[in-house]
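A.B. asks: kindly generate the corresponding structure for this input.
(2 chains)
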There are 2 protein chains.
Amino acid sequence: MTVASSSILAELLQDITAPDPKWLKQARAHLDILTKPRGSLGRLEDIATRMFAIRNGDLSVALTKAVYVFAADHGIVAEGVSAYPKQVTQQMVLTFLANGAAINVLANLHQAELTVVDVGVDADFGQLPGLLHKKVRRGSRNMLHEAAMTEDDLNSALQVGLDLACAAHEKQQTLIAVGEMGIGNTTAASVITAVLTHQPAATVTGKGTGLDQKARDNKISVVEAVIRKHFALNQDSASDPIEILRRAGGLEVAAITGMVLGATRHGIAVIADGFISTAAAALAYTINPTVREYLFPGHRSDEPGHRFLLEYLGLDPILDLDMRLGEGTGAVLAMPIIESALALYKQMATFASAGVSGAIT
Amino acid sequence: MTVASSSILAELLQDITAPDPKWLKQARAHLDILTKPRGSLGRLEDIATRMFAIRNGDLSVALTKAVYVFAADHGIVAEGVSAYPKQVTQQMVLTFLANGAAINVLANLHQAELTVVDVGVDADFGQLPGLLHKKVRRGSRNMLHEAAMTEDDLNSALQVGLDLACAAHEKQQTLIAVGEMGIGNTTAASVITAVLTHQPAATVTGKGTGLDQKARDNKISVVEAVIRKHFALNQDSASDPIEILRRAGGLEVAAITGMVLGATRHGIAVIADGFISTAAAALAYTINPTVREYLFPGHRSDEPGHRFLLEYLGLDPILDLDMRLGEGTGAVLAMPIIESALALYKQMATFASAGVSGAIT
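C.D. replies: Residues are numbered from 1 along each chain as shown, chains lettered A, B, ... in the order given. Below you'll find the model as predicted:
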């Protein structure tokens, strides 16, 4: 590891503390005196408990919600791994700015401030307003032949996420969703998942945006070849999350990893979206396991590799609706569920205040 | 069957028509031109498609949401089947009126108009304002010894639901959730589920509001005894949904069955909540299978019998959060998901309008 990446890594690892367990205990005690059978709100109680601890025992202020969509292109698309041409990355960024994509609709509906970040799209957007211009380079390299990123590329992309987490903290955002747009990025996520979870490529590689079986077989072969090139004979790389990210990630994946680590440092709850953003979050968790305390998987993606990442993280998704769109859509869709859990925690009467009898013991 | 129940049944069955399949086809075609990979919004696409058909191809008007909570007591509580004393039914009705229960919080947050209906609470509420006074009698009878309802009781309770569905239609409500409060009613739902789905009592009988294993074993014995008394040697009753409802239902279960059938007649989408309201909806579906076209299960309850009812209905729940509270909570919690599906359907740009390339074919 070079000095540069060590330095970023040191920043990533400093000052990350888990929520104080006393808040978890206090939250559980509060939930048990509300007018409902004990535990009957199920996972909403877990969500409220974790959020209470993340917020240091203070849920009095409403959540300030935001969603960050990181866009980048991928050299690996040259291997025919996607059902869509890579120009769609650029086109979808323009669609985000025109308020016409799925994430726009959901962010508007659920009142999450949307930030679209160009961290590596293979297009010249000029000074296009509304877009956060953080391009590291025009797409990652083709990981079939070389590492997807140099160490400098990786550090720059991680820094984009870290800086945005700082900015989110300054804006007092308290619940952020991370999403992505990048034609070819399910291939990157498949490699990361196979290496992190030790699953075969065929198990964790799906149809992405809609490959047929033949094209999916090709994608599996590409994932296998990338693993052979970078990890099969190189256990040092295979066990180093930074090196997995550098060799097999994308620029948007690295930015999300940085944002998740940065948000965790600032005590901000993060909702991961689907396969790609969860791969980035799983790398952040591998770098620092405390990440898990601040992380909520918004949903379970229809991509087959996603469930292995969720198992790796040891976290259950909030929703399970067979979505596989990305953009942060599944993460923002989980926001009203989290808000419901907090409203119940704050607003329900207690058995004592409502004069309701307790259980017969 | 008496003249009275035949007459109600005739009313239940008349004028129920399925949505025109042309709307389903039109909705699917529209979803396929939106700026996302085909099918990538998963079950949100199914929800939008079904709602488009239910609304006769017109989603231009925002949904008007409501939740109805039907409360009643159960004679079967004399057999020690609940962890809570039956007074809790009355107390929780008062808590609903004081805005302190879980359903109040969720109805307020998700802007669903809440109506609390006394259809059979064993208490005298007098002229208490805020409560809809539709008491048929002070609790159903003990089904271990006799049918839970006489035919008159049943017809009156069904009529409460039918009338409310008419009123909902007049108020132009377009998405209604049905929930309940009734200490002892998971026992009724367990009997209904066992008879409808041919599962053993032990498989479909859970801990309700929080029984320990010994108390649950007793509850299973009670469910078995009720099935022996009313259905084991009486296949006519076991195959007649009206008779299952009369013998093993509760007054609130019957009112929900009536409301589901009535809503279906008026073309109103209905969200079932957990075990009890889905048992009522499953009876409505057995009476008229077209009910299924208008029904959305809000969530999968932690009660073990619920999944068998969902299989019986052939419908997937929207949420799966291990909730087991009732009151309509799981149904109202699904409302923002349904609204999200409709917003995506209405507001997303098309590939053509956004200038986004289609899939490589």
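A.B. asks: which residues sit against stretch A:327-336?
C.D. replies: Contact partners of stretch A:327-336, identified using C-beta atoms under 8 Å, 6 or more residues apart in numbering or on different chains, comprise A:65, A:67-69, A:92, A:96, A:101-103, A:106-107, A:110, A:112, A:175, A:177-181, A:271-274, A:277, A:296, A:298-299, A:301, A:318-319, A:321, A:323, B:41, B:110, B:336-337, B:340. (Glycine included, C-beta is placed from N, CA and C.)
A.B. asks: among the residues you listed, which lie within strands?
C.D. replies: A:65, A:67-69, A:175, A:177-181, A:271-272, A:296 (DSSP state E).
A.B. asks: can you pick the most crowded of those residues?
C.D. replies: Neighbour tally across the ones in strands among the contacts of stretch A:327-336 (other C-beta atoms under 10 Å in any protein chain shown): the maximum, 34 neighbours, falls on residue A:272.
A.B. asks: around chain B, which positions in the stretch 151-300 of chain A sit nearby?
C.D. replies: A:208-210 (C-beta under 8 Å from any C-beta of the partner chain).
A.B. asks: TSV please, covering the ones in strands among the contacts of stretch A:327-336 and showing distance to residue B:158 and pLDDT.
C.D. replies: Listed next are these as TSV, based on distance: C-beta to C-beta, whole Å; pLDDT from 0 to 100:
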residue	distance to residue B:158	pLDDT
A:65	44	98
A:67	46	98
A:68	52	98
A:69	51	98
A:175	45	98
A:177	45	98
A:178	50	98
A:179	48	98
A:180	52	98
A:181	52	98
A:271	44	98
A:272	47	98
A:296	43	98
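A.B. asks: count of neighbours near the closest residue to chain B within the stretch 101-250 of chain A?
C.D. replies: Per C-beta to the nearest C-beta, residue A:209 is where the stretch 101-250 of chain A lies closest to chain B, at 3.9 Å. When neighbours are counted by other C-beta under 10 Å, residue A:209 registers 22.
A.B. asks: now swap in the one 3 residues further on and tell me
C.D. replies: Residue A:212 sits with 10 neighbouring residues when counted by other C-beta under 10 Å.
A.B. asks: repeat for residue A:170
C.D. replies: Neighbour count for residue A:170, taken as other C-beta under 10 Å: 9.
A.B. asks: same thing with residue A:38?
C.D. replies: Counted with other C-beta under 10 Å, the neighbours of residue A:38 add up to 16.
A.B. asks: any idea of the pLDDT on it?
C.D. replies: Note on residue A:38: pLDDT of 94.
A.B. asks: repeat for residue A:1
C.D. replies: For residue A:1, the model assigns a pLDDT of 39.
A.B. asks: okay, how far is it across stretch A:225-236, tip to tip?
C.D. replies: End-to-end distance of stretch A:225-236 (C-alpha to C-alpha, to the nearest Å): 18 Å.
A.B. asks: right, and residue A:253 touches residue A:185 too?
C.D. replies: Yes: look at residue A:253 against residue A:185 with C-beta atoms under 8 Å: they come within range, at 6.8 Å.
A.B. asks: overlap in contacts, these two.
C.D. replies: Residues touching both residue A:253 and residue A:185 (C-beta under 8 Å, 6+ apart): A:72, A:276.
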